[in-house]
Structure formats: structure tokens, C-alpha cells
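Q: The following block contains a protein sequence and its predicted model.
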Amino acid sequence: MHRGRTDSYRSEERFYDDQDYYDHYQPQDHDYYGGDRRTSLSSYHLPDAVTKFITHLYHSINNREVSEIENLYELRYPQLSKDYFKEERWPWEIQNIVDEPLFNTLYRELYFRHIYAALPNSLTFSDRCNSYSNYCELFNMILTSPEPIELTLTNQWLWEIIDEFVYQFQSFSQFRRSPKLNSEELAYIKDHHYIWSVLSVLNVLHSLIDKSNINQQLKAYFTGENAENVAGEFGRSPLYKMLGYFSLIALLRVHSMLGDYHLAVKVLENIDLHKNTMYCNVPACQVTTYYYVGFAYVMMRRYADAIRTYTNSLLYVQRMRQMFQTKSYQNDQVNKQTEQMYTMLAVCLVLHPQSIDESINNVLQDRKYADRIVRMQAGDTKEFENCFLFACPKFLSPVPSSLEGAAPEHEPLQIQKTIFLQEVQQQIYLPTVRSFLKLYTTMPLEKLAGFMELNEATLMECLLCFKHKMHNIVWSKGVSSLEGDFQAGSEVDFYIDKRMIHIADTKVGRRYGDYFIRQIHQFDELAKGLKSLRF
């Protein structure tokens, strides 16, 4: 190992065609940039519990013991990380314990993930590059094998491999704009432009989707046909099928971060988001899916669909809350995305008021959200901006930015924020217009103009804007979430005859049955809990 020396990579790139669609990167052994931070077995005595864990995990994977793999990965690994590696890294070299290429690559994926999650201050430029190299090795093994590899992992583990892959891509995309990069690191990025590039990440995700035939399987599943008939040799393998499915969700996330919201939702056109399916068995994946689909709807001005998506997801989180509490590694991510969804739901309800589930509405009545809603209804654009900045994903540029830095107004976040605030500014008077229209059945134009302290020409613009903005594309049927029909979403409608505004209340009466049914279910659950208690 040499200090101050960059890692060396060679890439053997092959381009996408019918026979060979995966760009195969073949990394060399690599030294660590900026000094040796690896923990090897020779540097200190490895605790027996860690040695037994590594050996036990290897044998469990080798013997396809799914329940044991789940226990080791979801419970034992986090506990050992907490007990022995709270302030230091897991050992890098484990060949003296297990010397099997595929397992060692999987272990290194956990090694780097632990650094990103628990030791971010020790994360180096070399760690980022070497983690990319390790992902290349792992995906090369999976995608270039002439037949499905024999590897059994839990769906949770597979999801977190794909989720972490996208997260590290996002992290590197932001890191490369950092002013802390030295001249050697800048030169290395220029010479190795493919490392964590948008193209390489999309290439991996599309390759996993194509290899698994997951879109064909989802189509067959939706139409009631046998998915096995179209799955192919690789698609019948649970490993490839679930990696393909999770890659679709990852594509949704990547395209959302790149600002292409239509394409983000389109990649899920074969997934029926409007009902539970056999694939929805990883809660963190489910919440991530609804978060990004909902945000894409907001940016496409499909507020009714965004409200429905957020409401369904938040109800799902309420039902699964106990599960998130028992699995602490999911808790932080799910809690943050839940807060973000509540915030964006509040924004949508200000821009497009409608009735929602009472349990979700009760949460929004909390002071934390109620004050925000009041300020947004009063036309406070700063509050809209704050809510957007808190609830939006981390935006990235589809084109690598100049390493010398970009103008602040060209930052992806600034671009998306400007687009959102322009839409908000166009609707800034609509809550006030709506509040006056709900009080009358007829009203002269000049009277409403006087109430709003506007001239009649500006008022007519506001009324036309109201008509336009309250008509949105709303999903009604079909598996694709992009489908829909134009529907009026306002609880009041009006027309202007000469200089008189005629108003009709289109609000549907509140349905009390749902409230009583919900209360009955709650009492049933309470009664069951009381019966189970022993005094």
C-alpha cells in the first residue's frame, strides 16, 4: 500500500446490444487513496463472536437456510456492529476465515455500507471508489453468469443492496461538487469519469430488469396469466426476480432525483400501485415507492393523485408501525420519509383541498402541521419553500457538473425549487377566492374584487386560474399510474353571467359510516387486548 497514491482501475467496456447488454467493468486490486484505513485480521485479534458470525453467515448462505440468514443479517449483524464496531471498521480481509469470491464480495458490500452509515466522518475518496469497484464485481458475477447463480438472500437484504447502491451514487454525485477535493482527486475523477456516473448506474438497473424479465412477469401477473411462462431461466430465480423488481423502484428514485417525473412514474407502469401484490413484502421498499411516486405527482400538478398516494402510504405506515419499531435499521429512514410525506400532503391539501381519511387528517391537525397549513393558506411563499426543501428528494444533475463548480442558480435543487414556487405563485390567491365563493350563491364581480382588494382585470385572471388549476388528470382505472381523466377537483364551482358570479357547492356530504366502522374495529382490538391480559 502506498500513501498519496490513487487507486488503479481498468475497465473493459462492452456496449448494449441484444446479446451483450451489460457494460462489464473489471476492476483490479486496489490500494486505498490517502492512506491505509483498512482493518485486517493481522492488525488485531478479531473477537470470537465476529469470527463465528462470518462463518455462520457463510454456511447459512451456502446451505440456503433462509430463516437463519434473516436472523443473522437483520438482528445479529446490527448488534455486532453496535457492540464491536461503533467507532471502527469491520475487518477488510476475511480470507483466513472464508475464502469464497461471491461471499467475500457480499461481505465487502456490508463493510462499505457500515462505513457510510456508522462512520461517515472516516469515509474517504478511496472508500467511495472502492465501493463502486466492489458493486461492479458483485453485479458482474450476477449478470454475466451463463446460468443463474446459486445464491439465496432475503428480500430485505436484496432491497438494501439496491437501495444502498443508489444512495452511494447520490452521495458521490454530491461529493464530486465538494470544494474539499484536492488536485489528485480531481484528476482521478476526470480520468475515471465512469465511476458512479449516471450512465453506469442506469446501465446496472436496466440490465437487472432485462435479465429478470420482471416487466413481462408483472404484465402476466396483472392479467391473471402464469408468470412462470414468461419469466425465462433467470426470471424464475427468486434472486433475479426480486433484484429486477427492486431495480424498477430504484429507477423511480433515480429519475425523480434527475427531475424526470414522467419517466419516473412510467417505469412502474406494470406495477399496480393501487392494491397490494405478492411483491409488497418489504416495508421500506413500499414506503420509498409511495414517497417518490407521490412527489412525482406533485411536480406534475396531479394533486389529487398525490393526495391519494400519500394517504395510502401513511395509512400503511400506521398499520405497520409495530413492525418498524422492532426493526430499528428501518426506523430512521421510514420515520423521515413519513414526515416528508405528511409535509407534502399538507402542501397538496392547501393547493387542492379535498376530504381525506380521518386518522391522517387528525395528524395534520397537530400544531406542528396546522401552523404550517395556516401560513400557506395565507399566501406565505416562504413557508411553501421551507416545506419543499424539507420534503423533496436529493436532486442530481443528469450531466456531471463542472469540477470547478457551477453557478448557484444552476444547482439541481434551485432549479426544481424555482419550478415549484412558480406554480405556487400562480395559485397564491386561490385559497382566498375559494373561501369567499363558499360563502355565497351569487356575487357581483365588483363585490368580490372589493373583498380581495384587486381590480376587476386581475380578479378575472384569478377566476380563470381557479378554473384551470382545479382541473387535473386523475387516475381512475388501469395498472399504469400515468393513466387518468381530467376531473374537477374543487368543492365549489361557478360560472359568470355578464357581471354576476353564480356559485354551486359541489361538496359531497360527509360519510359518517367510515367513522363508526373504524371506531368499532378499534373497540374490537381493545376488547381482544383486554381478554389477553391476566390479572
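A: Received it, and whenever you're ready, just let me know what you need.
Q: For the helix or strand where Tyr132 lies, name the packing helices and strands.
A: Using DSSP states H and E, Tyr132 sits in helix 125-143. In terms of contacts (3 or more C-beta pairs under 8 Å, 6 or more residues apart in numbering; DSSP states H and E), helix 125-143 is packed against helix 101-118, helix 155-175, helix 183-191, helix 198-212, helix 238-258. C-beta here means a position set from N, CA and C on the backbone, and glycine is covered the same way.
Q: weakest of these in terms of mean pLDDT?
A: Note on the helices and strands packed on helix 125-143: helix 183-191 shows the lowest mean pLDDT, a mean of 87.
Q: For it, which helices and strands make contact with it?
A: helix 125-143.
Q: And the helices in the stretch 1-150 of the chain?
A: With DSSP state H, counting those that start in this stretch as the criterion, the stretch 1-150 of the chain has helices at 48-62, 66-71, 77-84, 101-118, 125-143.
Q: Pick the most deeply packed of those.
A: helix 125-143 (a mean of 21; mean count of other C-beta atoms under 10 Å).
Q: what angle sits between that helix and helix 198-212?
A: Here the directions of helix 125-143 and helix 198-212 differ by 20 degrees (axes from the mean of the first three to the mean of the last three C-alpha atoms, to 10 degrees).
Q: now helix 125-143 against helix 155-175, angle please.
A: 140 degrees.
Q: Distance from helix 125-143 to the middle of the chain?
A: Relative to its chain's centre, helix 125-143 lies at 22 Å (C-alpha atoms, centre = their mean, to the nearest Å).
Q: That helix versus helix 101-118: what angle between them?
A: Using the same axes, to 10 degrees: helix 125-143 against helix 101-118 is 140 degrees.
Q: Number the residues from 392 up from this point.
A: With the count now opening at 392, the last piece we talked about shows up as helix 516-534.
Q: before we move on, back to that, and the helices of the stretch 392-541 of the chain: which comes nearest Phe775?
A: helix 492-509 (32.3 Å; C-beta to C-beta).
Q: what about that closest one, distance to the chain center?
A: With C-alpha atoms, centre = their mean, you get 22 Å for helix 492-509.
Q: now do stretch 613-628
A: 26 Å.
Q: can you give me the end-to-end distance of that stretch?
A: One end of stretch 613-628 to the other measures 20 Å (C-alpha to C-alpha, to the nearest Å).
Q: Any regions of the stretch 642-791 of the chain where pLDDT drops low?
A: Where the stretch 642-791 of the chain drops to pLDDT under 70, the residues are 666-671, 713-721.
Q: in the protein, which spans are strands?
A: 833-835, 862-865, 876-879, 883-888, 891-896 (DSSP state E).
Q: would you turn those into TSV with mean neighbour count?
A: Formatted as TSV, the strands of the chain follow (neighbours: other C-beta atoms under 10 Å):
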stretch	mean neighbour count
strand 833-835	14
strand 862-865	17
strand 876-879	11
strand 883-888	14
strand 891-896	14
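Q: Which among these is found nearest to Phe625?
A: Using C-beta to C-beta, the nearest of the strands of the chain to Phe625 is strand 862-865, at 36.6 Å.
Q: picking that back up, of the helices of the stretch 392-541 of the chain, give the one that comes closest to Arg825.
A: helix 492-509 (45.6 Å).
Q: Who are the packing partners of the closest one?
A: Helix 492-509 sits against helix 439-453, helix 468-475, helix 516-534, helix 546-566, with contacts defined as 3+ C-beta pairs under 8 Å, 6+ apart.
Q: Pipe these into a markdown table and attach distance to Cys783 per row.
A: Converted to a markdown table, the helices and strands packed on helix 492-509 look like this (distance: least, C-beta to C-beta, whole Å):
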| stretch | distance to Cys783 |
| --- | --- |
| helix 439-453 | 38 |
| helix 468-475 | 29 |
| helix 516-534 | 24 |
| helix 546-566 | 13 |
